[in-house]
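Trainee: return a 3D structure for these sequence lines:
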Amino acid sequence: MFVGWDAFHAARPRWGASKSKSDPGDSYKLADYLRTDGHRLARLQPLDEATRNLQLLTRSRGQRHPTAARILARSWLRVVWACWHTNTAYQPKLHTSTTRIPTAA
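Mentor: Below is the predicted model:
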């Protein structure tokens, strides 16, 4: 879920007028904002087709979002490790994160 700073800043007067900045206070306010107004915010949609396919695959198997996120994170971790280990920049053709992502076949 993405919350723009302008939308969150506009909602801040609801919690008082202290105008002070504190991480615990902002965490509480952000959680409260998502709990009460989260339905008004746009959900983020994955741009990568492999990510969308993985999401559809895991949901068709009856699994939920955390499973898809865990599989995708593990896949990208392999890419980051390969880039760091070989001291090379990320190249989509060389470092394919989608090679180990399960498919429907």
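
Trainee: quick one, what contacts L94?
Mentor: Residues near L94 by Cβ atoms under 8 Å, 6 or more residues apart in numbering: T88. All C-beta atoms are positioned from the backbone trio N, CA, C, and that covers glycine.

Trainee: pretty sure L72 sits against R52.
Mentor: No: contact status for L72 versus R52: not in contact, 10.8 Å apart, counting by Cβ atoms under 8 Å.

Trainee: more crowded one of the two?
Mentor: Neighbour totals were compared for L72 and R52, and L72 leads with 20 against 12 (other Cβ atoms under 10 Å).

Trainee: and that one, how far is that from V79?
Mentor: Distance of L72 to V79, computed by Cβ to Cβ, to the nearest Å: 11 Å.

Trainee: equivalent analysis for L34, please.
Mentor: Per Cβ to Cβ, L34 is found 30 Å from V79.

Trainee: more neighbours, those two?
Mentor: Using other Cβ under 10 Å, the more surrounded residue of L34 and V79 is V79, with 19 against 14.

Trainee: any weak-confidence spans in the protein?
Mentor: Applying pLDDT under 70 to the chain picks out residues 1-5, 8-21, 46, 95-105.
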